[in-house]
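Q: sequence first, predicted coordinates after that:
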There are 2 protein chains.
Amino acid sequence: MTQDLDYKQVAQNKRESNLAKIPKEWLLETVPTPEEQPNVNEYLSTIIPKEEQEITALSATQLQQKIKSGELSAYQITYAYCHRSALVHQLTNCLIEIFYDRALERAKEQDAYFKSTGKLTGVLHGIPISLKDQINVPGITTSLGYLAPHISREHEITICHNEKKDKHSLIAQILYDQGAIFYVKTTVPMAMLGAETSSNYAITANSIDRTKSPGGSSGGESSLLAAQGSVIGLGTDIGGSIRGPCTQLGLFGLRASSNRFPYLDISNSYPNQITVPSVVGPMCRYLEDLELVSKIIIESQPWLKDPKCLPIEWKSKLEIDPKKVKFGVMPWDHEVMPHPPILRCLNEVQQQLSQNGVQAELIKEAPPVKHSSIANLLTDLYTCDNFQEITKFCELSGEPHPDLLKRSFNLPGKVDNLYEYMDKVEIKYKFQQAYDKFFNDKGYDAMIVPGWSSTSWTLGDNGKIANSYTRYLNPLDYTVLTVPVGKVDERDVEFERKDEEFGSAQDKISRREGYWFG
Amino acid sequence: MTQDLDYKQVAQNKRESNLAKIPKEWLLETVPTPEEQPNVNEYLSTIIPKEEQEITALSATQLQQKIKSGELSAYQITYAYCHRSALVHQLTNCLIEIFYDRALERAKEQDAYFKSTGKLTGVLHGIPISLKDQINVPGITTSLGYLAPHISREHEITICHNEKKDKHSLIAQILYDQGAIFYVKTTVPMAMLGAETSSNYAITANSIDRTKSPGGSSGGESSLLAAQGSVIGLGTDIGGSIRGPCTQLGLFGLRASSNRFPYLDISNSYPNQITVPSVVGPMCRYLEDLELVSKIIIESQPWLKDPKCLPIEWKSKLEIDPKKVKFGVMPWDHEVMPHPPILRCLNEVQQQLSQNGVQAELIKEAPPVKHSSIANLLTDLYTCDNFQEITKFCELSGEPHPDLLKRSFNLPGKVDNLYEYMDKVEIKYKFQQAYDKFFNDKGYDAMIVPGWSSTSWTLGDNGKIANSYTRYLNPLDYTVLTVPVGKVDERDVEFERKDEEFGSAQDKISRREGYWFG
């Protein structure tokens, strides 16, 4: 416990020191309220030079071409992203670490190298990449949503186990070796336990509608990406932390099966809970960028350095005949009905696939295992220490548990002994067997499911929403690609349901708020 | 506790019922003592018809050809193996379950099918395969070295979690679907915890020298295979249970990295200890058979049925230039010096590789992590319940813990709480990182190490031997192929060592017995 320092002061200092890292000319004189300027992109289009806007509108794959041809320099691109991310941060609180100096310096070096040799430093030469705050970068603090790491390096080591200050997380090193330019780290909720992104440092807003939440725990990433403050980001996911934020913000996100992408030297809560481990994965605005970055990571053969990583080679885009692919479409889980815009979009996807001759079979029956049972198992596993670790780390700075977590303290079914824990391991395996059988008996190559039960919600209202549409997929350990397919529009109106048509009590609760009218 | 049945009587009944399953004409009138007839193959060559001896001398790959050409029938092969296994069992106690009737019946059906269609029922049509007693086969008891399953089906379910009596373990189903003929299950030590194969049912002898041990826990398999009572067997390995028995008996054995071969529906002790899981793998007399059976298993895409199994395709024999392969040869671990014949054979391997232009670099330094530290970590993990499970299962029949396990009760460092257990998970990962770094920094494609520190030992002397040469490889989770390379001969004499040349106290203990003089 640090007696002589008020935790609120630590948070305030951190917020101020971040603003101090932003060049003065990029600081907003007054920050408009969310009500005045809900949409960050609309607002920024009025204050950012057109040349920069053109740069940040491109995909990384397009940027690669323009760098290669000499049309754009690494510095121009990096400058545009630093500038824009600084503005997005002032409007949404999406950044926890800012290091524009070294990013711009690196970009200059890359430009000099390119000028003198005619060669690029790597496949990602000049491409800015933002990192969720679990990813370690030499010399940059990692704090996992706690305040204590901002007080001392000892606390950082205690919380983050990042003893070596000169070391990138392996996945960051792989991208860095290919020329990627790191410039910011993005916010997370305390201990990454939350479906939105709040901590005693700040609450991060949704950049499409600042009155709403960007989801969590990779909500700093999603808000920054959607506001074009980044082109490729790295997030993590143990219960929906990539998929939720991507769904709220209309991004592509990849939660691969566990141990596909290397997690080595990424800081984490409960890093030794290996039954349902957290995974790291890319979040992007463009599908082609998601492929670009995934390919680079796998082709680096990360399994030679990370013993947990699976030695599965990159599979080049297969010559798949789309008419031979069979999708199962599961619009709801028979427990919580998704909100109208989600159902409409899913229906449109199915119709479009069918119209194009792709098999997309509507699944009418209930899933083979109740999704809430699988989700509850996951909660049991990652709260298995009854929040002892979190309580201990909060005490280092004197900060309180955020409300987000306080609610979780009342969850049932804690697992705090080894034998109970091992029983959960068995239950998880049985759930997987049952779901795999269903999947394979139906002959599906993939399933199409809602990314979330609702669109985004009022900032701070996390307790009212149902996140059962992501959490069941982690114990099942399926690879899940989040794909944006539509936005709310005037067709999305509430429909009447009789009492007996509700799938669960949670289903009724989920209708309390008409998020899609936002 | 079954009060009305003496556990010794249960064991006696089981031994007698097994003998009753052997056709009378295959029963030995008198069983020669180990001293009279130490070597099973030599003895059997005097009593088995020459035609049968010719069959059991062939590899499965050769048998496939002879079946295809019509030179041999499935029945002839199955008969030869049933007969021989019955004799080997009477000389070594290597079988726990015998089901010749159904094997011969299946062989007849396969012959009829082949005769009428001209087609084989699968790649393994007519090939007998023996199974370690963890593998489930419909209608056949699994007992894991306990007596209770021979008392009641309820006890079997309690111990083996094999609720469905009509179900093969997945790996057995895959082989069965390709025509494999199952005919016996082989002995294991209680709970598979032992480097030799003894239980209250019986102690299994080494078929090359019946006064010695076949190792464990897959010692029933190794003894049966080496005496040509089987051509392909399935074993399991959590600390050397495939590699030890293969080394003692001169067999090929494959302990692949965990979750490469499917473990679904294989009964096991502590099945939910997933930090260092037991693996299943083939044990064979011929390398070509090991390839044959591994290929069949992987090409069946077991990951579609076993959610733990990794989706890694079969790699066809690569066109490797042997001169580009780099081996590291580590003759000892700087803790326990292997016995003279082991060191001589390893030296010969290195010399032969070098003479053939293959890089085989002698590693002179100590390994990057003390092997005993890694082995102790493993012991901590698999004794994490302080033998509560074993004690409970023993009480079902009233049988005592075998001496083998009683010794283990005194081991230090039990882990019986969740946080300590998770700390071990982290230590394991760090060991792996350090060893992988060593391996890759040296540029090795593979390492050549002793399969065991000694040759076989006097039956029951397990407590005197050092098994540190296998156990460290399980937490590291390396794929290990056991290859027989030589036998003890007159050159293998003890060499003088000064006190300071011993690597550890265990090293001195390991020289108490000159096993290689046997």
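A: Structure received. Numbering: from 1, shown residues only, chains lettered A, B, ... in the order given.
Q: from here on, contacts and neighbour counts on C-alpha atoms
A: Fine.
Q: residue in the stretch 101-250 of chain A nearest to chain B?
A: Going by Cα to the nearest Cα, chain B is nearest to A:H161 of the stretch 101-250 of chain A, at 11.1 Å.
Q: now that residue: how far from B:K119?
A: 61 Å (Cα to Cα, to the nearest Å).
Q: hmm, back to that, how about the residue of the stretch 101-250 of chain A closest to chain B, what does it touch?
A: Residues in contact with A:H161 (Cα atoms under 8 Å, 6 or more residues apart in numbering or on different chains) are A:S267.
Q: check what pLDDT it gets.
A: We note a pLDDT of 95 for A:H161 in this prediction.
Q: isn't A:H150 right up against A:V10?
A: Yes. Taking contacts as Cα atoms under 8 Å, A:H150 lies within contact range of A:V10: 7.1 Å.
Q: tell me where the stretch 201-350 of chain A has strands.
A: When secondary structure is read from DSSP state E, counting those that start in this stretch, the stretch 201-350 of chain A shows strands at A:232-237, A:252-255, A:279-284, A:326-329.
Q: export those to CSV and append columns for mean neighbour count.
A: Putting these into CSV (neighbours: other Cα atoms under 10 Å in any protein chain shown) gives the following:
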stretch, mean neighbour count
strand A:232-237, 28
strand A:252-255, 28
strand A:279-284, 27
strand A:326-329, 20
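Q: tell me which of the ones you listed sits nearest to A:G70.
A: Shortest distance between A:G70 and the strands of the stretch 201-350 of chain A, using Cα to Cα, is found for strand A:232-237: 21.3 Å.
Q: direction included, what does the closest one pair against?
A: The sheet places strand A:232-237 alongside strand A:128-132 (parallel), strand A:279-284 (antiparallel), with pairing taken from DSSP bridges.
Q: what's in contact with the last one?
A: In this structure, residues lying in contact with strand A:279-284 by Cα under 8 Å, 6+ apart are A:221-222, A:225, A:231-238, A:242, A:246, A:251-259, A:261-263, A:290, A:293-294.
Q: one more pass at 6 Å, please.
A: The list of residues contacting strand A:279-284 from outside it, by Cα atoms under 6 Å, 6 or more residues apart in numbering or on different chains, reads A:232-237, A:251-255, A:258, A:290.
Q: from A:N259, how far out is the one residue in the stretch 151-300 of chain A that gets nearest to chain B?
A: For the stretch 151-300 of chain A and chain B, the shortest gap (Cα to the nearest Cα) falls at A:N272, measuring 5.3 Å. Shown here: A:N272 relative to A:N259, a distance of 13 Å by Cα to Cα.
Q: same question, A:K132
A: For A:K132, the distance to A:N259 - Cα to Cα - is 18 Å.
Q: looking at the two, which is more packed in?
A: Set side by side, A:K132 and A:N259 give different neighbour counts by other Cα atoms under 10 Å in any protein chain shown, the larger being at A:K132 (27 against 19).
Q: might one say that the more buried one is in contact with A:G235?
A: Yes. At 5.5 Å, A:K132 counts as touching A:G235 under the criterion of Cα atoms under 6 Å.
Q: any idea of the pLDDT on the residue in the stretch 401-518 of chain A positioned nearest to chain B?
A: In the stretch 401-518 of chain A, the residue found nearest to chain B is A:L418; the distance is 4.5 Å by Cα to the nearest Cα. pLDDT, the model's per-residue confidence, is 82 for A:L418.
Q: what's the neighbour count on the closest residue to it other than its chain neighbours?
A: Once flanking residues are discounted, A:L418 sits nearest to B:L418: 4.5 Å by Cα to Cα, 6 or more residues apart in numbering or on different chains. Number of residues near B:L418 (other Cα under 10 Å) recorded here: 21.
Q: wait, B:L418 touches A:N417, no?
A: Yes. With contact defined as Cα under 6 Å, B:L418 reaches A:N417; the gap is 5.4 Å.
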